[in-house]
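Enquirer: this is a predicted model, with the sequence first.
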Amino acid sequence: MSYSISVALTGSGGAGAMTAGQILLDSAAQAGFYGLMTRSMGPQIRGGEAAALVRISSVPISSLDDHYDLLVPFDWGNINRFSAELPLSSSSLILADPEQGDVPPSIAGYGARVAALPLKALAGAIPGGRANMVGLGAVATLIGLPIASVIAVLTKQLARKGEEVLAASTACLEAGAQAAAGLPSVTKLPSQPHGEALRWNISGNEAAGLGALRGGIKFVAAYPITPATEVLEWLAPALEKTGGALVQAEDELASINMVIGGSFAGLPSLTATSGPGLSLMTESIGLAVASETPLVVIDVMRGGPSTGIPTKSEQSDLNIAVYGLHGDAPHVVVAPNSATDCLFATQWSVHLAEALQTPAIVLSDQAMGQSRVVIDKPAENGFVAQRLVPEADAPGYQRYALTNSGVSPMAIPGMAGNNYVADGLEHNERGTPSSQASDHLAQLDKRAGKLDAFDYGEHWADIEGDGEIAVITWGSVTGPVREAIGRARAKGIKAKMISLRLILPTRPAQMQEALKGVKKVLVVEQSHSQQFHKFLRGHYDLPGDVLVVSRPGPLPIRPAEIETRLAAWK
């Protein structure tokens, strides 16, 4: 049997909610549990609202639960801005500091239990004390997490701040633990977690960076943008250690063109951005398609349009990633389906871009990119960049030769006898600009054919379960879908999950095989205009009844919503 408990730690910017959440997640890993931490905050540069949303489990997880068992507000400042993101139930417990005032109506409306915990007073009695550490001690005790594990993590994290800071924080933890002894109970974690394997604590953005390195990326140029900046922050020192380089460009236009130049020079190259940056990059991505220059663009999606909601997640960049390039511009679009899968999906995308000599867009999102997960160490895979390059002085070298695979050798600048021009004009096999209909058709067929004919193997989608109901989804929504199907199965409802990893090129034959025996389809996505559903309708034959669960961010789709739809269909 699996166990999990969900905790929300909230407060104004500077109250320490994120610090306490990170320590709680690390402590769970120290004690042998799995976990997930997402964060909710406003777009302010400083201050504003903040929430660390932590779920601790005895089994691997990739989704938030339906509600939070425990809410600890370090203050009530601005909590109304995201109270809808903090669903509670009648069995939930709120630890409220009497000095902070009454529970706001938006939170009290959930009908949860309320218990007094004098965070400020307990912290004030300890020199250098912090209320977030008092709250953390209370949480650990209430959920059954060993205080020894929390202290071990705290000692490691505060080692550089000196003995006084560590002593104050430890005293606050112990004060919170003692205060929790008289508080109402909540669900406790099992005393013996399952599994002793080596665990990783990693964010989706860090996993994408690691996947890029494992795939062979050597050059990165990018402009910082929320929520993709952590990809660049992680890659900057890591690239230097592996002989690569990262350049912070002056804007997204410069970064994509630097990446094209780096790739043209022979280095597997990458940039990371979010929706507004992808919009700026589309013309140059088209140049990379026309010139068959491989590159990878990681788009960590956020709420749109325009500046939208920079700190909240949404799957609304699908259309621009798939259709946003002018002309017929076939390219690769890959979507990781969890923070963990950001590693594999990015590494695979580097491999695909280099092997197929085309741009590959990786569609991550804020919910995956900025979440931290405690997971088992991911398995190694063999997808490493390998570009087809001609020999020097290749006789009759033609850069865009029409080959059986559609992939033609790409010479590196400086190779003797293999010079060619790469630009955005249509061209013949040699690379000479041409407006001839025959050359245009031949090169269009070449660029599309090499993508369609490639063997993507089983990685095009994650397919789990069986039954006459298929739930088709993608990206970060895969987590709640997987959990909902598991719950439904326990109640005798059979359903199959199809989570697309390869968005482009489409795989009609594989989808038809996956949908054999299916009579009802549930499409689940996080966009206002049902972009994914319309994409599926445009490229695949969906059998029987089709129902869509779709809404924009910032509210995540939770397992119970999907489970309810499946139960209604039974």
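Expert: Everything's here; your move.
Enquirer: tell me the average confidence for stretch 238-250?
Expert: When pLDDT is averaged over stretch 238-250, the result is 97.
Enquirer: buried residues in it, which are they?
Expert: Using 16 or more other CB atoms under 10 Å as the test for burial, stretch 238-250 gives 238, 239, 244, 246, 249. The C-beta positions use only the backbone N, C-alpha and C, and glycine is treated the same way.
Enquirer: now do the contacts for the closest residue to the last one other than its chain neighbours.
Expert: Distances taken as CB to CB, 6 or more residues apart in numbering put residue 255 closest to residue 249, at 3.8 Å, once the chain neighbours are dropped. With contact taken as CB atoms under 8 Å, 6 or more residues apart in numbering, residue 255 is in contact with 221, 222, 223, 247, 249, 271, 273, 277, 281.
Enquirer: for residue 281, see how far away residue 255 is.
Expert: Distance, residue 255 to residue 281, by CB to CB, to the nearest Å: 8 Å.
Enquirer: which neighbours do the two share?
Expert: By CB under 8 Å, 6+ apart, the residues touching both residue 255 and residue 281 are 271, 273.
Enquirer: most neighbours, which of the contacts of residue 255?
Expert: residue 271 (30 neighbours; other CB atoms under 10 Å).
Enquirer: helix or strand: which one has that one?
Expert: Mapping residue 271 onto the secondary structure by DSSP states H and E places it in strand 269-273.
Enquirer: ramachandran angles for residue 178?
Expert: phi -70, psi -40 (degrees, to the nearest 10).
Enquirer: how about low-confidence regions in the chain?
Expert: 1, 44-47, 192-197, 570 (pLDDT under 70).
Enquirer: spatially central residue in it, please.
Expert: residue 368 (2.4 Å; CA atoms, centre = their mean).
Enquirer: now do the contacts for residue 88.
Expert: Contacts of residue 88 (CB under 8 Å, 6+ apart): 67, 68, 71, 94, 107, 110, 111, 112.
Enquirer: measure it to residue 155 for me?
Expert: Noted for residue 88: a distance of 33 Å to residue 155, by CB to CB.
Enquirer: the helix or strand that contains residue 261: how far from the chain's middle?
Expert: In the assignment (DSSP H and E), residue 261 maps to helix 252-264. Centroid separation between helix 252-264 and its chain, computed with CA atoms, centre = their mean, to the nearest Å, is 24 Å.
Enquirer: list the buried residues for it?
Expert: 252, 254, 255, 256, 257, 258, 259, 260, 262, 263, 264.
Enquirer: quick check: angle from it to strand 269-273?
Expert: 160 degrees (axes from the mean of the first three to the mean of the last three CA atoms, to 10 degrees).
Enquirer: export helix 252-264 to CSV, keeping only CA atoms.
Expert: Extracted in CSV, the C-alpha atoms of helix 252-264 (Å, rounded to 0.1, in the frame of the first residue of the first chain):
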residue,chain,number,x,y,z
GLU,A,252,16.2,36.2,-27.7
LEU,A,253,16.9,37.2,-31.3
ALA,A,254,20.6,37.3,-30.7
SER,A,255,20.6,34.0,-28.8
ILE,A,256,18.8,31.9,-31.4
ASN,A,257,21.1,33.3,-34.1
MET,A,258,24.2,32.6,-32.0
VAL,A,259,23.0,29.0,-31.6
ILE,A,260,22.5,28.6,-35.4
GLY,A,261,26.1,29.9,-35.8
GLY,A,262,27.5,27.5,-33.2
SER,A,263,25.7,24.6,-34.8
PHE,A,264,26.9,25.6,-38.3
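Enquirer: most widely separated two among the buried residues of helix 252-264?
Expert: Spatially, the most separated pair among the buried residues of helix 252-264 is 252 and 264, at 18.7 Å (CB to CB).
Enquirer: out of the contacts of residue 255, which sit inside helices?
Expert: In helices, judged by DSSP state H, the following of these are found: 277, 281.
Enquirer: which among the contacts of residue 255 gets closest to residue 201?
Expert: residue 222 (24.6 Å).
Enquirer: if we can go back for a sec, mind putting the buried residues of stretch 238-250 in JSON lines, distance to residue 334 included?
Expert: Below are these laid out as JSON lines (distance: CB to CB, whole Å):
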{"residue": "238", "distance to residue 334": "21"}
{"residue": "239", "distance to residue 334": "21"}
{"residue": "244", "distance to residue 334": "21"}
{"residue": "246", "distance to residue 334": "22"}
{"residue": "249", "distance to residue 334": "23"}
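Enquirer: closest one to residue 186 out of those residues, please.
Expert: Once CB to CB is applied, the member of the buried residues of stretch 238-250 that ends up nearest residue 186 is residue 238, at 39.7 Å.
Enquirer: list the helices and strands the host helix or strand of the closest one packs on?
Expert: Element membership for residue 238 (DSSP H and E) is helix 229-241. When contacts are defined as 3 or more CB pairs under 8 Å, 6 or more residues apart in numbering; DSSP states H and E, helix 229-241 sits against helix 204-215, strand 219-222, strand 245-248.
Enquirer: rebuild the ones you listed as JSON lines, extending it with distance to residue 358.
Expert: What follows is the helices and strands packed on helix 229-241, written out as JSON lines (distance: least, CB to CB, whole Å):
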{"stretch": "helix 204-215", "distance to residue 358": "15"}
{"stretch": "strand 219-222", "distance to residue 358": "17"}
{"stretch": "strand 245-248", "distance to residue 358": "23"}
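Enquirer: nearest to residue 414 among these would be which one?
Expert: Short answer: strand 219-222, nearest of these by CB to CB, at 16.6 Å.
Enquirer: now do the strands in the stretch 451-570 of the chain.
Expert: In the stretch 451-570 of the chain, the strands defined using DSSP state E, counting those that start in this stretch lie at 461-465, 469-474, 496-500, 502-504, 520-525, 545-550.
Enquirer: given the shortest one, what are its sheet partners and their directions?
Expert: Applying DSSP bridges to the sheet, strand 502-504 is found paired with strand 332-334 (antiparallel).
Enquirer: gap between whichever helix or strand comes after the partner strand and the chain center?
Expert: Downstream of strand 332-334, the next assigned helix or strand under DSSP H and E is helix 341-356. Helix 341-356 has its C-alpha centroid displaced from the chain centroid by 15 Å (CA atoms, centre = their mean).
Enquirer: so which elements touch helix 341-356?
Expert: Using 3+ CB pairs under 8 Å, 6+ apart: helix 341-356 touches helix 204-215, strand 295-301, strand 332-334, strand 359-365.
Enquirer: now do it against strand 359-365, angle only.
Expert: Using the same axes, to 10 degrees, helix 341-356 lies at 170 degrees relative to strand 359-365.
Enquirer: could you number the chain from 31 rather than 1 from now on?
Expert: All right, first residue 31 from here; so that's helix 371-386.
Enquirer: just the buried positions in helix 371-386, please.
Expert: 371-386.
Enquirer: next: stretch 296-313.
Expert: So for stretch 296-313, counting by 16+ other CB under 10 Å, buried means 296-312.
Enquirer: for that stretch, measure first residue to last.
Expert: 22 Å (CA to CA, to the nearest Å).
Enquirer: ok now it, how far from the chain's centre?
Expert: Counting by CA atoms, centre = their mean, stretch 296-313 comes out at 17 Å from the chain centroid.
Enquirer: stretch 577-588 now?
Expert: 16 Å.
Enquirer: then stretch 280-293?
Expert: 23 Å.
Enquirer: could you tell me the end-to-end distance of stretch 66-82?
Expert: 10 Å.
Enquirer: with stretch 42-53 instead?
Expert: End-to-end span of stretch 42-53 (CA to CA): 18 Å.
Enquirer: noted, bye for now.
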